[in-house]
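Student: Take a look and give me a structure for this.
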Amino acid sequence: MGRLHQPIIFPNSSGDMELEGESTHEGSGAQSPVIVTRNTMIDQILGIFKSRGVHDLTGELDSSATPAYPVAVTGLADIYRARLLNGSSVALKCLRVLSWGDAPDKSLKEISRELYTWSKCKHPNVLELIGISQFRGQIALISPWMMKGSLVNFLRNEPNVSRYELCTQLAGAITYLHDVGIVHGDIKGSNILVSEDCKIKLGSFENAQISQNSIQFSVSEETSALSIRWAAPELIMEENHRATLHTDVYSLGMTILEIISGSTPYHYLNSEVRVLAAMVRGVLPKRPAQLANGENLPDVVWSLLLSCWNVDPPSRPSASEVWEAMKTLTSATAENDSHVSYIFSPC
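Tutor: Okay, the predicted model is just below:
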C-alpha cells in the first residue's frame, strides 16, 4: 500500500496543484504526485490532507446548528459560525467562488495553499487550525470560535487593555512564522482575533508564502490583494514584488501603530488613492497623540516604528528585534523604567 510522505504543494506549469512526495510501492521506487484540479473530488483532497495529520471534521459538525448565512464576509472568504457534536463553537472559513469558469479551480488551489501553510503553524498567538470539512460543496477550514471577535472590535470595546502587551504578542507570532520559513503577507488588525483570555490570534493565511529547505511555494499568476494602508511601498511600486520578511516587518510596524492608536494607518486620508499618493511621495503616517513627542516611552516606540518603515527594506529590523524591543517596552510600561530609551537605536 502506498503512503504519502512530506507532501509539498505548488502550482505546476499547467496551473494545477501538485501534492508531491514519496509514494512508496512494493517493488517500485517511483514517485506518484497527486494532481489537484477542478475535477478532483473534494473528498479526495480531504483525504490527502487527512493523511498528513489534518483532521477531517465533516462527520463531527452538528447539523442541527448549521448556519444559513455567513456571520462575516472578508475580501476572499465567507466565515460561518458552527458547532461540533461535542458542543464546541467553531468558525468555518470557505473561500468564495466569485464566478464560473476558472474561479472554482482557483478557489480550490488557494484553499489548498492556505490549508498547507496554516497546518504548519503551532504557536499560542497564531489561530489554531483544528481541522477541515466538506461544507456545502466546498472545503471549509475550521478554527475555534473567538468570542471576543477581531482585534479591531476588541480595542473598541476594551480601550484600557495593555496595548503594548498585545503588540508584544503580535511581534512574537511574526517572529515564530519567520523562524519556520513563513511570510504572512497580510498583517493588519482585522486579520487578528482575540481569545476569551485576551490573547491575540493571528489568522488569514491567504497571502502567506512558505519555504521548506530548498522548496518554496510558487505564487499564483493572479496578483494577491494588497491591504494598501499596511503594505510596504515596494509591494505597491515595484512590479511583481512578492511579500518578504522585510515587507512583513513594515506591516508589523503599521499594525503596532494601529493597536496603540486605535486607528488604521493614514486614517485621516479618506481614500486608498490618497494613501497611495502619500506613499509615492514617501509620506509616513502622522505621529498619533498616544505617542506624544518628548515623552520617553512614546519616543522609543516611535523610533521603533520609523525603523520598521525604513525605505530600504534590508535596513528594517527583524521581527525578532521588534519582539525583543516590545517585550522590554511592555516591562518598562509596568515598571515605569526611566532607562527604556537605551533599548532601541533607530537606523
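
Student: Report how many residues lie close to Arg81.
Tutor: When neighbours are counted by other C-beta atoms under 10 Å, Arg81 registers 14. The C-beta positions use only the backbone N, C-alpha and C, and glycine is treated the same way.

Student: partners of the helix or strand hosting it, with directions?
Tutor: Using DSSP states H and E, Arg81 sits within strand 77-83. If you go by DSSP bridges, strand 77-83 pairs up with strand 72-73 (antiparallel), strand 89-95 (antiparallel).

Student: Quickly, which of those bottoms out on average pLDDT?
Tutor: Lowest mean pLDDT within the strands paired with strand 77-83: strand 72-73, a mean of 86.

Student: How far off centre is that strand?
Tutor: 16 Å (C-alpha atoms, centre = their mean, to the nearest Å).

Student: What of stretch 71-81?
Tutor: 15 Å.

Student: Near the nearest residue to Ser227 once chain neighbours are set aside, how many other residues are there?
Tutor: Among residues not flanking Ser227 along the chain, Lys188 sits closest, at 5.2 Å (C-beta to C-beta, 6 or more residues apart in numbering). Using other C-beta under 10 Å, Lys188 has 21 other residues around it.

Student: Any idea which of the strands paired with strand 77-83 gets closest to His123?
Tutor: strand 89-95 (18.0 Å; C-beta to C-beta).

Student: which outside residues touch the closest one?
Tutor: 67, 76-84, 107, 110-111, 114, 130, 133, 135-136, 138-147, 206 (C-beta atoms under 8 Å, 6 or more residues apart in numbering).

Student: Equivalent analysis for stretch 166-178, please.
Tutor: 121, 123, 125-126, 151, 183-184, 187, 192, 199-200, 202, 208, 245, 248-249, 252, 255-256, 259-260, 318-320, 322-323, 326-327, 329-330.

Student: Out of those residues, which sit inside helices?
Tutor: 151, 245, 248-249, 252, 255-256, 259-260, 319-320, 322-323, 326-327, 329-330 (DSSP state H).

Student: re the thing from before, closest one to Leu57 among the strands paired with strand 77-83?
Tutor: strand 89-95 (8.1 Å).

Student: Name the residues of that closest one that are buried.
Tutor: The neighbour-count check on strand 89-95 (16 or more other C-beta atoms under 10 Å) flags Val90, Ala91, Leu92, Lys93, Cys94, Leu95 as buried.

Student: can I get the CA coordinates of it in PDB?
Tutor: Taking Å, rounded to 0.1, in the frame of the first residue of the first chain, the C-alpha atoms of strand 89-95 are listed here in PDB:
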ATOM      1  CA  SER A  89     -18.300  26.600  18.800                       C
ATOM      2  CA  VAL A  90     -16.100  26.800  15.700                       C
ATOM      3  CA  ALA A  91     -15.500  29.100  12.700                       C
ATOM      4  CA  LEU A  92     -15.800  27.700   9.200                       C
ATOM      5  CA  LYS A  93     -13.800  29.500   6.600                       C
ATOM      6  CA  CYS A  94     -14.800  29.000   2.900                       C
ATOM      7  CA  LEU A  95     -13.100  30.800   0.100                       C
END
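
Student: Would you map the strands across this protein?
Tutor: Secondary structure of the chain (DSSP state E): strands at 4-11, 17-23, 34-36, 72-73, 77-83, 89-95, 131-135, 138-144, 182-183, 192-194, 200-202, 209-212, 215-216.

Student: related to what we said a few turns ago, could you identify the buried members of the contacts of stretch 166-178?
Tutor: Applying 16+ other C-beta under 10 Å to the contacts of stretch 166-178 flags 121, 123, 125-126, 151, 183-184, 187, 192, 200, 202, 208, 245, 248-249, 252, 255-256, 259-260, 319-320, 322-323, 326-327, 329-330 as buried.

Student: returning to that earlier point: how about the buried residues of strand 89-95 in a markdown table, adding distance to Asp299?
Tutor: Below are the buried residues of strand 89-95 laid out as a markdown table (distance: C-beta to C-beta, whole Å):
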| residue | distance to Asp299 |
| --- | --- |
| Val90 | 44 |
| Ala91 | 40 |
| Leu92 | 45 |
| Lys93 | 40 |
| Cys94 | 46 |
| Leu95 | 43 |
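
Student: quick one: low-confidence ranges for the stretch 151-300 of the chain?
Tutor: Where the stretch 151-300 of the chain drops to pLDDT under 70, the residues are 212-224.

Student: how about a cut-off of 90?
Tutor: Within the stretch 151-300 of the chain, the segments meeting pLDDT under 90 span 206, 209-226, 237-241, 292-297.

Student: can you list the strands paired with strand 77-83 in a markdown table and add distance to Ala292?
Tutor: Formatted as a markdown table, those follow (distance: least, C-beta to C-beta, whole Å):
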| stretch | distance to Ala292 |
| --- | --- |
| strand 72-73 | 35 |
| strand 89-95 | 38 |
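
Student: Go through the ones you listed and name the closest to Asn270.
Tutor: Taking these one by one with C-beta to C-beta, strand 72-73 is closest: 22.4 Å.

Student: check contacts around Arg229.
Tutor: Contacts of Arg229 by C-beta under 8 Å, 6+ apart are Lys188, Met254, Thr264, Pro265, Tyr266, Glu272, Val275.

Student: ugh, typo on my part, it should be Ser150
Tutor: Gly189, Ser190, Ile192, Leu193, Val194.
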